[in-house]
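Undergrad: predicted structure and sequence below. I'll ask about it afterward.
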Amino acid sequence: MKIIIAICFYILQPALWVGIIRAYLIHNRRVKQERKLFSSAIYEDFYEGRHFVRSALVFGILASIGLGWFLSVSAAWVMLYEVAMLISLVVLPGQFLSVSLVSLVSLMILAVPNISDSLQVNHWLGRLGLSDKTVNPLSYLVLVTMVIFLSGIFIRMNAGKFNSPMIARNTRNTKVAVYRFNELTIFPLVMFVPGDWFSSHLSFIPFLQVNGHSYAILAVPILIGLKLTVKKNNPPVFFTKLSKKILYLALFGALLVIGGGFYRLIITPAVAILLIGYYLIIGTAKHQDNQVDFEYSEVMDGIRVIGIQPETPAAKMDLDIGDVILTVNNIAVANEDEFYRALSTNSTYCRFKVRDRNDQLKITESAIFKNSPHEIGVKTYSQAMK
């Protein structure tokens, strides 16, 4: 039984399956919202699930090979982290506090090394062949730095790629589009946990005996995710800059890890500094976004592009969200009815005059689906939304 638990620790984790369900619910809610706004979804495919699996595989393999072979955490840390992650996914389904979780649990363990005694879980841990032996506290600083680094990579890989609009109202009660990134992944990180499981059952493997102590190997699920709404910036540019700042913070964390290797007293303050730094970066990014002098709002002299459906003529044109289409086939347009009437003047080809978010004019053109002007793939403020 213990062998099965050790091998399947990651797969059997309730938090993993709640995370998978959470990713599906995010997808389902997004598709329903797009269909409600535009009658058809912009992105039908389950890209949230694709990103979940891809990131879990990549992060799990790279992090376990790069760090797992020397990381050792206490069984109490594993238990507290798993419970906190499960609660955050169930109670706060829209807020994936990945950096907060690993940081706060690590700070708790560092501040109260014998926390398992207070929680009275030593007997339960012993039945699993685990112990609450104190481990090198530097591992917790490494873990926090790793989660920050992978958060930056996760944002760089996935954020700003699929810009699904939500409709809000500004202070003038005008409809504006905003763009939310809301994704997560849970990857397996192979780590050492103090315990006699291997010495009792697989004692013929000598390298698991380290300095006279026995260690179990567990694939611990680690949460990575972010929910953040872009109101005024160009989402790809916004998230690229955000990921860079987070990666710089991870680099600073690596320097703190080096310092912590020489001076253990700085480990606990370093974890707190990284947590504060992460939320300063997020808070500053949100503040700067609010200060931008631009909104994805309705306009009177054209139609605002707030969504572009993939694999359509619009996706092949030089269009971006926020652009304002001024003329279609040399006919001025100011609403959707005029837009589609102008498209119908040529059943196979269209030509747009467009003003971008920087007030620069451009001309873009493309072939369209024969006799199907409504399938051009441009999503705008529809009449039904009033």
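TA: Sure, I can see it. Bear in mind the structure is a predicted one, so any value in this text is a computation, not a measurement.

Undergrad: burial measure for E82, as a count.
TA: By the criterion of other CB atoms under 10 Å, E82 has 19 neighbours. Placement of C-beta: from N, CA and C, glycine included.

Undergrad: next, the buried residues of stretch 73-86.
TA: Within stretch 73-86, the residues that count as buried by 16 or more other CB atoms under 10 Å are 73-82, 84-86.

Undergrad: got the domain ranges for this structure?
TA: 2-291, 299-385 (automatic domain parsing).

Undergrad: got JSON lines for the ones you listed, with mean pLDDT too?
TA: JSON lines is the format used below for the domains of the chain (pLDDT from 0 to 100):
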{"stretch": "domain 2-291", "mean pLDDT": "83"}
{"stretch": "domain 299-385", "mean pLDDT": "86"}
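
Undergrad: which helices and strands does the host helix or strand of F59 pack with?
TA: Element membership for F59 (DSSP states H and E) is helix 47-63. Judged by 3 or more CB pairs under 8 Å, 6 or more residues apart in numbering; DSSP states H and E, helix 47-63 is in contact with helix 14-38, helix 138-158, strand 175-194, strand 213-230.

Undergrad: and the second one with strand 175-194, angle?
TA: Just to be clear, that refers to helix 138-158. 150 degrees (axes from the mean of the first three to the mean of the last three CA atoms, to 10 degrees).

Undergrad: who are the contact partners of V31?
TA: Neighbouring residues of V31 by CB atoms under 8 Å, 6 or more residues apart in numbering: 41, 43-44.

Undergrad: what segments of the chain are strands?
TA: 165-169, 175-194, 209-210, 213-230, 296-297, 303-304, 307-308, 324-328, 331-332, 349-355, 361-367, 378-379 (DSSP state E).

Undergrad: relative to I109, which of the ones you listed is closest?
TA: strand 175-194 (12.7 Å; CB to CB).

Undergrad: quick check: angle from that closest one to strand 213-230?
TA: Orientation check (the same axes, to 10 degrees): strand 175-194 against strand 213-230 gives 180 degrees.

Undergrad: show me what counts as buried in strand 175-194.
TA: 175-194.

Undergrad: likewise for stretch 41-61?
TA: Of all the residues in stretch 41-61, those buried under the rule 16+ other CB under 10 Å are 41-43, 46-49, 51-52, 55-56, 58-60.

Undergrad: distance to K227 added to these, as CSV?
TA: Listed next are these as CSV, based on distance: CB to CB, whole Å:
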residue, distance to K227
A41, 20
I42, 19
Y43, 17
F46, 18
Y47, 16
E48, 12
G49, 17
H51, 14
F52, 14
S55, 16
A56, 18
V58, 21
F59, 19
G60, 22
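
Undergrad: hang on, the earlier thing: please work out which of the strands of the chain is packed deepest.
TA: strand 378-379 (a mean of 25; mean count of other CB atoms under 10 Å).

Undergrad: and that strand, how far from the chain's centre?
TA: Relative to its parent chain, strand 378-379 has a centroid offset of 26 Å by CA atoms, centre = their mean, to the nearest Å.

Undergrad: what about the longest helix in the chain?
TA: helix 235-262 (DSSP state H).

Undergrad: who does it touch, helix- and strand-wise?
TA: helix 138-158, strand 175-194, strand 213-230, helix 267-291.

Undergrad: pull the CA atoms of the second one into PDB?
TA: Taking C-alpha atoms only, strand 175-194 is exported to PDB below (Å, rounded to 0.1, in the frame of the first residue of the first chain):
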ATOM      1  CA  LYS A 175     -19.300  50.100 -22.400                       C
ATOM      2  CA  VAL A 176     -15.700  49.100 -22.400                       C
ATOM      3  CA  ALA A 177     -14.000  45.800 -23.100                       C
ATOM      4  CA  VAL A 178     -11.500  44.400 -20.600                       C
ATOM      5  CA  TYR A 179      -9.300  41.300 -21.000                       C
ATOM      6  CA  ARG A 180      -8.700  38.800 -18.200                       C
ATOM      7  CA  PHE A 181      -6.000  36.200 -17.900                       C
ATOM      8  CA  ASN A 182      -7.200  33.400 -15.700                       C
ATOM      9  CA  GLU A 183      -5.300  30.200 -15.900                       C
ATOM     10  CA  LEU A 184      -3.500  27.700 -13.700                       C
ATOM     11  CA  THR A 185      -1.400  24.500 -13.700                       C
ATOM     12  CA  ILE A 186      -0.400  22.000 -11.100                       C
ATOM     13  CA  PHE A 187       2.900  20.300 -11.800                       C
ATOM     14  CA  PRO A 188       4.700  17.500  -9.900                       C
ATOM     15  CA  LEU A 189       7.900  18.400  -8.100                       C
ATOM     16  CA  VAL A 190       9.900  15.400  -7.000                       C
ATOM     17  CA  MET A 191      11.400  16.100  -3.600                       C
ATOM     18  CA  PHE A 192      12.900  14.300  -0.600                       C
ATOM     19  CA  VAL A 193      10.900  14.100   2.500                       C
ATOM     20  CA  PRO A 194      12.400  12.700   5.800                       C
END
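
Undergrad: now that strand against helix 47-63, angle please.
TA: Angle of strand 175-194 versus helix 47-63, following the same axes, to 10 degrees, is 30 degrees.

Undergrad: will you turn the helices and strands packed on helix 47-63 into a markdown table that also has distance to Y296?
TA: Below are the helices and strands packed on helix 47-63 laid out as a markdown table (distance: least, CB to CB, whole Å):
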| stretch | distance to Y296 |
| --- | --- |
| helix 14-38 | 13 |
| helix 138-158 | 21 |
| strand 175-194 | 4 |
| strand 213-230 | 9 |
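
Undergrad: contacts for stretch 152-159, please.
TA: Here stretch 152-159 has contacts from 51, 55, 59, 181, 183, 185, 224-226, 228, 235, 239-240, 242-244, 246-247, 249-250, using CB under 8 Å, 6+ apart.

Undergrad: please apply the same query to stretch 279-293.
TA: 99, 228, 230-233, 238, 241-242, 245-246, 249.
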